[in-house]
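>>> Okay, sequence plus prediction incoming.
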There are 2 protein chains.
Amino acid sequence: MRTFRISIIGFGAVGQGVARSILSKQEYLNKQGIDLQVVGISDSKGCEINETGIDIEAALLRKKQKGSVAVGSGNGLDIIRDVEHDIVVEVTPTNIKNGEPGLGNMRAAFGSGKHVVTSNKGPLALHFSDLKELAEDNGLFLRYEATVGGAVPIFNLVHEALAGNTVIGIEGILNGTCNYILTRMSDERMPYDLVLKEAQELGFAETDPTYDVEGIDSAIKLVIIANSVFSQAATYKDVDVTGINKITPEALELANKNDYVVKLVCEAREGKLTVAPRLVPKRHPLAVGGTLNVASILTDLAGRITISGKGAGSIETASSILSDILYIVRNSKS
Amino acid sequence: MRTFRISIIGFGAVGQGVARSILSKQEYLNKQGIDLQVVGISDSKGCEINETGIDIEAALLRKKQKGSVAVGSGNGLDIIRDVEHDIVVEVTPTNIKNGEPGLGNMRAAFGSGKHVVTSNKGPLALHFSDLKELAEDNGLFLRYEATVGGAVPIFNLVHEALAGNTVIGIEGILNGTCNYILTRMSDERMPYDLVLKEAQELGFAETDPTYDVEGIDSAIKLVIIANSVFSQAATYKDVDVTGINKITPEALELANKNDYVVKLVCEAREGKLTVAPRLVPKRHPLAVGGTLNVASILTDLAGRITISGKGAGSIETASSILSDILYIVRNSKS
């Protein structure tokens, strides 16, 4: 049995999803000779550390009942620096201004010889190449499948499954909230404001929807794609962004009559990064509805490969994190 | 530079596509420190062997001009047994009766310490678990991404990108000929016979279309999926198969009116294997048109992940073979 010790830094929806997945997959992984041991968990109020393995069920229950996992006062950085382990699962919230606390956490991880698996878009949208270099210089992995597309394994698809292909361009629908709003507006001929309100009530949109509907979230994800797939050293400022908040039901109806749908499409091609509402033929692979995410990858050998799935959800995001952890387990020498 | 020596056994459309891809990717691979050297090529008329590396361009030209690559009289088995190399690319035609010559070629490869990458469905549909075991017993890889879905990396997606997930079921449209015929029948309200004739003229269907339209090709691919994903030890006889040759334009029109399309769907779920025409809602991820292939994978964590792309074509199939070769390069100790 190979034991890999893991910390979970950030214990919101995604962190709890990761904990729950590791718990539910224990037997399955043991059968493959893999033992994942969680030795540290932190949230904004404190942390739990147990170098022989945290009782995950008890930690999840405590979080639910008391609002925090904390039994001690340390923070994520303390765990990363002071607790001996192999993989830091960095799932603190995305901060697009300066990337903190994720950025500091990742740097500390690489500085102390630990691999990083993350769903945190901030540090990668701001400092992708620095972080990648820091990881490589230390012989460590930085894996970030969960930052873009939720459960949809876009990066793994490009880098491993389509290895040997040169990627010519990528188009994607990477924000489930926008996709939900546009789908409902089109299906029910409802105006933007009403659908947004409905989405907020259903939990598909935030109270402040700016981040989603103005295309900011999509642009951040596109920046990560540009860096990862095209080694582009792009940041948020390099993206030409238009949101969905000015789209009228009339425009959608006109599109519909001509067998098109309107989608908020992210595109990286020939060095240009664009997020904008676009007409997509109804039978085009990008024309997925509801809250789904989709990425369509244009390559030199395989042609166009399109992949879709759930773009959000704690267990769905945990799926991407778990596959990244298992990639490290398979490919690391320790 | 790590050098990997390769043989290409079978030099039809796929074999030539592999040769062309290796040629066009030489520089790209060299930059990554990988040198793929083709040391043997065989077709039904003979072979070329050059232990220091065949001139691929000349071999392709000779095949085009003379109908064969042969400069010597040996066959594939001679190359596999007698020429020192690392990876056998087994791309002889699928034979579903006894799997030969592919089956013998693969056994000889494993018997003489060589990895196998293949697009040949016969041996895998008939003897999947034997071949897998033989490979593993010898510490070798058997990779077969190109057997199902052409350029669409279904197996890599399930085994690597979705690692950690338990697959609950797989549905797919895995025969481009049938998908083309059904799409045209529906779009143009044309009868089956007429569309089949058109497809034959365009090269999308064989002169004897039985293998495709009766669902045999789909069933064979489903058997490989069942073995690979569900370790099911299934063979062709375990699949319940219905083809598309009895479908009328009236049935398609009725489906269309109710916002459905008819697709030849392969399904593996709860031990049952089925190939049959099915009603699919127009907006379902499976509802892809033309000659496209699609696989929709239902998992416990990631939910439903759907991937589509070109299911045939020599360069597209070569894409899957190349990614399998690179998987071996990354993961083998030699």
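Alright, I've got the coordinates.

>>> Going by residue numbers, what spans are helices in chain A?
A:13-24, A:26-31, A:56-66, A:76-82, A:102-111, A:121-137, A:154-156, A:176-188, A:192-202, A:210-213, A:216-230, A:249-257, A:314-331 (DSSP state H).

>>> neighbouring contacts of the first one?
For helix A:13-24, the external contacting residues (C-beta atoms under 8 Å, 6 or more residues apart in numbering or on different chains) are A:6, A:8-9, A:11, A:36, A:38, A:41, A:43, A:56-57, A:59-60, A:63, A:89, A:91, A:119, A:146, A:313-319, A:321-322, B:164, B:301. The way it works is simple: take the backbone N, C-alpha and C, and place the C-beta from them, glycine included.

>>> Reformat the helices of chain A as a markdown table; add mean neighbour count and distance to B:Gly203.
Listed next are the helices of chain A as a markdown table, based on neighbours: other C-beta atoms under 10 Å in any protein chain shown; distance: least, C-beta to C-beta, whole Å:
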| stretch | mean neighbour count | distance to B:Gly203 |
| --- | --- | --- |
| helix A:13-24 | 22 | 47 |
| helix A:26-31 | 12 | 45 |
| helix A:56-66 | 15 | 57 |
| helix A:76-82 | 20 | 59 |
| helix A:102-111 | 23 | 52 |
| helix A:121-137 | 19 | 45 |
| helix A:154-156 | 25 | 33 |
| helix A:176-188 | 22 | 37 |
| helix A:192-202 | 16 | 46 |
| helix A:210-213 | 20 | 46 |
| helix A:216-230 | 24 | 33 |
| helix A:249-257 | 15 | 35 |
| helix A:314-331 | 24 | 39 |
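
>>> Dump the ones you listed to TSV, plus mean pLDDT.
Listed next are these as TSV, based on pLDDT from 0 to 100:
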stretch	mean pLDDT
helix A:13-24	97
helix A:26-31	95
helix A:56-66	98
helix A:76-82	97
helix A:102-111	98
helix A:121-137	96
helix A:154-156	97
helix A:176-188	94
helix A:192-202	93
helix A:210-213	94
helix A:216-230	97
helix A:249-257	93
helix A:314-331	96
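
>>> Just send those helices back as CSV, with distance to B:Thr177 too.
Supplementary listing: those in CSV, determined by distance: least, C-beta to C-beta, whole Å:
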stretch, distance to B:Thr177
helix A:13-24, 40
helix A:26-31, 38
helix A:56-66, 50
helix A:76-82, 55
helix A:102-111, 49
helix A:121-137, 43
helix A:154-156, 30
helix A:176-188, 33
helix A:192-202, 42
helix A:210-213, 42
helix A:216-230, 33
helix A:249-257, 32
helix A:314-331, 34
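
>>> Tell me which residue is most central in chain A.
Against the mean C-alpha coordinate of chain A, by C-alpha atoms, centre = their mean, the closest residue is A:Thr147 at 2.1 Å.

>>> Contact partners for it?
Residues near A:Thr147 by C-beta under 8 Å, 6+ apart: A:Thr118, A:Ser119, A:Asn120, A:Lys121, A:Leu124, A:Lys221, A:Ile224.

>>> again, but for A:Lys282
Residues in contact with A:Lys282 (C-beta under 8 Å, 6+ apart) are A:Asp259, A:Tyr260, A:Val261.

>>> And A:Asn331, by the same measure?
A:Phe141.

>>> what about it, distance to A:Lys63?
31 Å (C-beta to C-beta, to the nearest Å).

>>> Over to A:Val195?
Distance of A:Val195 to A:Lys63, computed by C-beta to C-beta: 33 Å.

>>> ditto for A:Thr235
Remark: distance between A:Thr235 and A:Lys63 (C-beta to C-beta) = 34 Å.

>>> quick revisit: chain B: which of the contacts of A:Thr147 is nearest?
A:Ser119 (13.8 Å; C-beta to the nearest C-beta).

>>> burial of that closest one, as a residue count?
A:Ser119 is flanked by 29 other residues according to other C-beta atoms under 10 Å in any protein chain shown.

>>> Please apply the same query to A:Met190.
Neighbours around A:Met190, by other C-beta under 10 Å: 17.

>>> wait, doesn't it sit right on A:Pro249?
Yes. Applying C-beta atoms under 8 Å as the test, A:Met190 and A:Pro249 come out as touching, 6.5 Å apart.

>>> how much space between A:Thr210 and A:Ala251?
Distance, A:Thr210 to A:Ala251, by C-beta to C-beta: 21 Å.

>>> now swap in A:Leu301 and tell me
Distance of A:Leu301 to A:Ala251, given as C-beta to C-beta: 38 Å.

>>> ok, the closest residue to A:Thr291 other than its chain neighbours - contacts?
Of all residues not flanking A:Thr291 in the chain, A:Gly176 sits nearest, at 3.7 Å (C-beta to C-beta, 6 or more residues apart in numbering or on different chains). Contacts for A:Gly176 (C-beta under 8 Å, 6+ apart) come out as A:Gly150, A:Phe204, A:Gly290, A:Thr291, A:Leu292, A:Asn293, A:Lys310, A:Gly311, A:Ala312.

>>> A:Asp300 now?
Contacts for A:Asp300 (C-beta under 8 Å, 6+ apart) come out as A:Asn165, A:Thr166, A:Ile168.

>>> and the stretch 101-250 of chain A, which of its residues are near chain B?
When proximity is defined by C-beta under 8 Å from any C-beta of the partner chain, the stretch 101-250 of chain A lies next to chain B at A:Ala151, A:Val152, A:Pro153, A:Asn156, A:Leu157, A:Glu160, A:Ala161, A:Leu162, A:Ala163, A:Gly164, A:Asn165, A:Thr166.

>>> Can you report how many residues neighbour the spatially closest residue to the fourth one that is not a sequence neighbour?
Going back to what we said before, that points to A:Asn156. Using C-beta to C-beta, 6+ apart and skipping residues adjacent in sequence, the residue nearest A:Asn156 is B:Ala161, 3.9 Å away. Neighbourhood size, B:Ala161 [other C-beta under 10 Å]: 27.

>>> B:Ala161 is in contact with A:Val158, isn't it?
No. Counting by C-beta under 8 Å, B:Ala161 does not reach A:Val158; the two are 10.1 Å apart.

>>> roughly how far apart are A:Val116 and chain B?
Note on A:Val116: its distance to chain B, by C-beta to the nearest C-beta, to the nearest Å, is 18 Å.

>>> Hmm, A:Leu142 and that residue touching each other?
Yes. Contact criterion C-beta under 8 Å: A:Val116 and A:Leu142 qualify, at 5.1 Å.

>>> Of those two, which one has the most company?
The residue with more neighbours, out of A:Val116 and A:Leu142, is A:Val116; 29 against 22, by other C-beta under 10 Å.

>>> Only C-alpha atoms, please: export stretch A:253-260 in PDB.
C-alpha atoms of stretch A:253-260 as PDB (Å, rounded to 0.1, in the frame of the first residue of the first chain):
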ATOM      1  CA  GLU A 253     -36.200  34.700 -30.700                       C
ATOM      2  CA  LEU A 254     -34.700  35.900 -33.900                       C
ATOM      3  CA  ALA A 255     -31.800  33.500 -33.500                       C
ATOM      4  CA  ASN A 256     -34.200  30.700 -32.700                       C
ATOM      5  CA  LYS A 257     -36.200  31.300 -35.900                       C
ATOM      6  CA  ASN A 258     -33.000  30.900 -37.900                       C
ATOM      7  CA  ASP A 259     -32.000  27.700 -36.100                       C
ATOM      8  CA  TYR A 260     -29.400  29.400 -33.900                       C
END
